[in-house]
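> fold the stuff below for me.
(chains A, B, C and D)
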Protein chains: 2
Amino acid sequence: MKIGELAKAARCTTETVRFYEKEGLLPEAHRTASNYRDYGAAHVERLRFIRNCRALGMAHEEIRALLILMDAPQQGCGAVNTLLDEHIGHVDARIEELTQLRAQLAAIRAQCQTEHQVSACGILHGLAAMETEEKPPRHSHLG
Amino acid sequence: MKIGELAKAARCTTETVRFYEKEGLLPEAHRTASNYRDYGAAHVERLRFIRNCRALGMAHEEIRALLILMDAPQQGCGAVNTLLDEHIGHVDARIEELTQLRAQLAAIRAQCQTEHQVSACGILHGLAAMETEEKPPRHSHLG
DNA sequence: AAACACCCTGAAGCAACTACAAGGTCAAGT
DNA sequence: ACTTGACCTTGTAGTTGCTTCAGGGTGTTT
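As a prediction, this is how the structure comes out:
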């Protein structure tokens, strides 16, 4: 099958397929006489796997690690479990960060209930007066 | 004050300060005879405001809009309130997305409780079998 | 005069794509 | 035979919010 068909089968774009190939996530395809990429069922499976992992918020690094583990089918799957647990940890950490942010934003928002002059706006004063924090180190690759 | 002092006052790096200047978020500084940037109290205030907004997850676009509003102090602050409400909406949307992701991940994780062969791992099978979804349009700039 | 901390500019790198630009291929219709 | 249109090819640049680096200048101290 051609790249467009593969892309449709995994519900992504041809550009994304080519990008994954360049990244080494998707193995290179055979080429037809006219230099078109030519894919088989294994490519569809692999690409769908990658897209599913991405939909779950995994980074390319994590997916790459999973793919390598998958390519040694008779090995133990402890590393797979670990990797997933760590990823769940990233998601939890990010939810926690955003929840705290949400509370801070609500507090600032509460400082202005009615429309008045900008110079007297509680929100702007709140934003200016906040304790400026150093950027904490990232807990996850999730933005 | 020199750029390093300004950066310290707002707890960021000199590179970040120069970057904000290039972006137009921070006005350009006067220069000394030796071409060093020379900042005053107004710059400290502005930079701290920017860093506080960033710490609350706002995008540069949002901050830029706030700064413009702030520069017209006798105008009404309705737009400020709206902007903040929208930003809170972004955060809520992202928390919701991540919470759903979290549930999906937990479901997949539950498919493998004990270590066994990769080829029989419920997690990998779950990841392969998932309904591949099209990437939904972004609800927010928060990753 | 040398050492060291600080400043300058400009370019490149990160993640995970997306969006061109400029061209080649192929099947269908006239 | 020719054209249209949909598809394919490569390569490069843009997105966001910085960080890092290279290669150099300045200023104070010893």
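> how confident was the prediction at the residue nearest to the spatial centre of chain A?
Chain A has A:G57 as the residue nearest its centroid, 3.7 Å off, counting by CA atoms, centre = their mean. We note a pLDDT of 93 for A:G57 in this prediction.
> now swap in the one 3 residues further on and tell me
Residue-level confidence at A:H60 comes out at 95, pLDDT.
> please report how far it lies from DNA strand C.
As judged by CB to the nearest atom of the strand, to the nearest Å, A:H60 and DNA strand C stand 3 Å apart. Where you see a C-beta, it was placed from the backbone N, CA and C, and this is true even at glycine.
> low-confidence bits of chain A, can you list those?
A:137 (pLDDT under 70).
> name the residues of it found near DNA strand D, please.
Contact residues (CB under 7 Å from any atom of the strand) of chain A with DNA strand D: A:2-5, A:14-15, A:18, A:35-37, A:135.
> give the ChimeraX command for selecting the buried subset of those.
In ChimeraX, this line selects whichever of these come out buried by 16 or more other CB atoms under 10 Å in any protein chain shown:
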select /A:3,37
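> now the strands for chain A?
With DSSP state E as the criterion, chain A has strands at A:30-31, A:37-38.
> and the last one, what does it pack onto?
Packing partners of strand A:37-38 (3 or more CB pairs under 8 Å, 6 or more residues apart in numbering or on different chains; DSSP states H and E): strand A:30-31.
> adjacent strands (with direction) for the strand it packs on?
strand A:37-38 (antiparallel) (DSSP bridges).
> distance between the strand it pairs with and the chain's centre?
Distance of strand A:37-38 from the chain centroid (CA atoms, centre = their mean, to the nearest Å) equals 27 Å.
> if we can go back for a sec, most neighbours per residue, which of the strands of chain A?
Per residue and on average, the most neighbours among those fall to strand A:37-38, with a mean of 16 (mean count of other CB atoms under 10 Å in any protein chain shown).
> can that one be found next to DNA strand C?
No: contact of strand A:37-38 with DNA strand C (CB under 7 Å from any atom of the strand) is absent, the minimum separation being 11.0 Å.
> just to revisit the earlier point, now, which of the residues of chain A next to DNA strand D sits nearest chain B?
A:K135 (7.4 Å; CB to the nearest CB).
> so how far is A:E97 from that closest one?
12 Å (CB to CB, to the nearest Å).
> and for A:G126?
Separation of A:G126 from A:E97 (CB to CB): 20 Å.
> what of A:G76?
From A:G76 across to A:E97, the span is 33 Å (CB to CB).
> neighbour count for these two, which is higher?
A:E97 (19 against 14; other CB atoms under 10 Å in any protein chain shown).
> what's around the residue nearest to that one when sequence neighbours are not counted, how many residues?
Leaving out its chain neighbours, the residue that sits closest to A:E97 by CB to CB, 6 or more residues apart in numbering or on different chains is A:H139, at 6.9 Å. A count of neighbours around A:H139, defined by other CB under 10 Å, yields 13.
> contacting residues for A:H139?
A:90, A:93-94, A:97 (CB atoms under 8 Å, 6 or more residues apart in numbering or on different chains).
> one step back: would you confirm that the residue nearest to the centre of chain A contacts A:L142?
Yes: counting by CB atoms under 8 Å, A:G57 touches A:L142, with 5.7 Å between them.
> what sits in contact with each of those two?
Here A:G57 and A:L142 have A:90-91, B:98 as joint contacts, going by CB under 8 Å, 6+ apart.
> tell me the residue of chain A that sits nearest DNA strand D?
The nearest approach of chain A to DNA strand D comes at A:G4, 2.7 Å away (CB to the nearest atom of the strand).
> just to check, that residue is in contact with A:T13?
No: assessed by CB under 8 Å, A:G4 is found out of contact with A:T13, at 9.1 Å.
> where do the helices of chain A begin and end?
Under the criterion DSSP state H, chain A contains helices at A:3-9, A:14-23, A:41-55, A:60-70, A:78-109, A:122-129.
> quick one, which of the ones you listed is nearest to B:M70?
Of all those, it is helix A:122-129 that lies closest to B:M70, at 5.9 Å by CB to CB.
> buried residues in that closest one?
For helix A:122-129, burial by neighbour count (16+ other CB under 10 Å) applies to A:122-124, A:126-127.
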